[in-house]
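# Any chance you can model this:
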Amino acid sequence: MLRVSNKAQWSATPLAYHNEGGRFKLSRRRYDPEFKVRVAKEVIETGNGSIVARRYDIAPAVVNRWARAYEKHGPEAFIGKKGSRSVSDPSMDDIKRENDRLKRLLGEKDLEIAILRDLLKKGSHL
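Here you go, the predicted structure:
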């Protein structure tokens with residue numbers, strides 16, 4: 001759905017109406033990076049962003065913007081500022097698991113060191 005901004009320019013921001021407590025509220029739809037990649041590839045394959053946009057009920061300008069970004073930057077074009085919404089990568093999942101394991105191990109070692117220090121202090125005062 002297109003909306004008019006304060007400057008009377010058309011905006012291709014994907015918006016949706018949600019019913020909250022009997023009132024309709026206008027909100028922005030968010031799409032995950034995998035979906036954007038899939039839609040962008042489909043636009044590039046078909047060569048027609050309008051047809052793809054109609055199929056997914058998204059503004060054609062948004063779909064075409066995704067296709068241009070995908071052609072220019074690849075899947076990385078859809079990684080958020082925080083990087084949390086990035087396209088999933090199996091090797092990245094392995095790295096995160098290994099990182100979590102190492103953090104647990106480090107925590108255990110810190111605890112052991114603290115216990116040993118306490119024992120040394122108590123042993124020297126006896």
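# Count the neighbours of residue 68 for me.
Each residue near residue 68 was counted by other Cβ atoms under 10 Å, and the total is 15. Heads up, the C-betas are built off the backbone N, CA and C, glycines and all.
# Quick one: mean pLDDT over the helix or strand residue 100 falls within.
If you go by DSSP states H and E, residue 100 is part of helix 90-124. Averaged across helix 90-124, pLDDT comes to 89.
# Show me which residues of it are buried.
Within helix 90-124, no residue counts as buried by 16 or more other Cβ atoms under 10 Å.
# Give the other helices and strands that that helix contacts.
In terms of contacts (3 or more Cβ pairs under 8 Å, 6 or more residues apart in numbering; DSSP states H and E), helix 90-124 is not packed against any helix or strand.
# backbone phi and psi for residue 48, please?
Torsion angles at residue 48 (phi, psi; degrees, to the nearest 10) stand at phi -140, psi 100.
# Repeat that for residue 44.
phi -70, psi -40.
# mind listing what it touches?
For residue 44, the contacting residues are 67, 70, 71, by Cβ atoms under 8 Å, 6 or more residues apart in numbering.
# ditto for residue 53
59, 60, 62, 63, 64.
# domains of the protein?
1-87, 89-126 (automatic domain parsing).
# So what's the residue count around residue 38?
Neighbours of residue 38 (other Cβ under 10 Å): 15.
# now the strand or helix carrying it: mean pLDDT?
In this structure, residue 38 sits in helix 33-46 according to DSSP H and E. For helix 33-46, mean pLDDT rounds to 93.
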